[in-house]
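**Q** okay, sequence plus prediction incoming.
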Amino acid sequence: PLTLDERGVWRMDYEDMDRKLKEHHIHVAVFCSPHNPCGRVWERWEIEKAMEVYKANDCVVISDEIWSDLTLGNHQHIPTQSVSEDARNRTVAFYAPSKTFNLAGLVGSYHIIYNPTLRDRIVAKSSKCHYNDMNVLSMHALIGAYRPEGHEWLDELKAVLTGNVDYAYDYITGHFQGVSLAKPEGTYMLLLDCEQWCERHGLSLPELEKRGWDVGVAWQDGDMFQAPYSIRVNLALPLSRVKEAMRRLDQYVFNA
């Protein structure tokens, strides 16, 4: 679990990470950067500190960087493998155009592995099942997405997503008393903490979620992220739809 600092920013608990790696004899860890679901775009020092913990525990790192293209405002993604020579050699980095360019159905993810031993082991395992092999269409979609035209489109997309996040964050914090959230720095997801609101109104989270679904606001239970009173909200849509969703949540759900 992450912890909120005094400024309301999600941080890694390095002592907790180190203790759990030792207690459970863990030697493989998944590192999510940018982080899903809280939307943190980790700073270099944060990644360096995490990698020191993994190094001290002889831990191979699977770095999930599928959200790396989708940073908001002035935040910049730093590849995990770039922070040190040790990180470069103990990390398997996974990327994909699927979140950025909505290509999930085409099967086009890929990995970057500098360590030849790790690379050989992964290639040996994956080559036996042929599951999720790239196909001709997905290959050309990947190439097209990363051409200059795709870069230009992505810049425009990030501007839209930044505007969506700014609007939704300001609206929620200004109108929904008892609902809290940290402003994401990347991805297009919000994670709402609704515990105070539920306690104040005597409702369970499933009952709150049903209120939203009943008025056409599709949102997701956050319980799978070890956040029992959280709701996950997807903002990858036009601003007009975000405004409509906020209006319905205001009128029919949180302030009904």
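**A** Happy to help now that I have it.

**Q** wait, a strand at residue 144?
**A** No. Secondary structure of residue 144 (DSSP: H, G, I helix; E, B strand; the rest coil): helix, not part of a strand.

**Q** the nearest residue to residue 43 once chain neighbours are set aside and residue 18, how far apart?
**A** Once flanking residues are discounted, residue 43 sits nearest to residue 78: 7.6 Å by C-beta to C-beta, 6 or more residues apart in numbering. Every residue, glycine included, has its C-beta placed from N, CA and C. Distance, residue 78 to residue 18, using C-beta to C-beta, to the nearest Å: 22 Å.

**Q** likewise residue 106?
**A** Taken as C-beta to C-beta, the span from residue 106 to residue 18 is 39 Å.

**Q** neighbour-wise, which of the two wins?
**A** A count of neighbours by other C-beta atoms under 10 Å puts residue 106 above the other of residue 106 and residue 18, at 19 against 15.

**Q** list the contacts for the more buried one?
**A** Contact analysis of residue 106 by C-beta atoms under 8 Å, 6 or more residues apart in numbering lists 98, 135, 137-138, 141.

**Q** could you rerun that using 10 Å?
**A** When contacts are counted by C-beta atoms under 10 Å, 6 or more residues apart in numbering, residue 106 touches 96-98, 134-135, 137-142.

**Q** out of those residues, which one has the lowest pLDDT?
**A** Ranked by pLDDT, the contacts of residue 106 bottom out at residue 134 (82).

**Q** doesn't residue 108 make contact with that one?
**A** Yes. The criterion here is C-beta atoms under 10 Å, and residue 134 meets it with residue 108 at 6.2 Å.

**Q** mutual contacts of these two, please.
**A** Common contact partners of residue 134 and residue 108 (C-beta under 10 Å, 6+ apart): 141-142.

**Q** for the contacts of residue 106, which one is nearest residue 229?
**A** residue 98 (29.3 Å; C-beta to C-beta).

**Q** from residue 51, how far out is the nearest residue to the closest one once chain neighbours are set aside?
**A** Of all residues not flanking residue 98 in the chain, residue 104 sits nearest, at 3.9 Å (C-beta to C-beta, 6+ apart). Remark: distance between residue 104 and residue 51 (C-beta to C-beta) = 29 Å.

**Q** kindly report the same for residue 227.
**A** Noted for residue 227: a distance of 25 Å to residue 51, by C-beta to C-beta.
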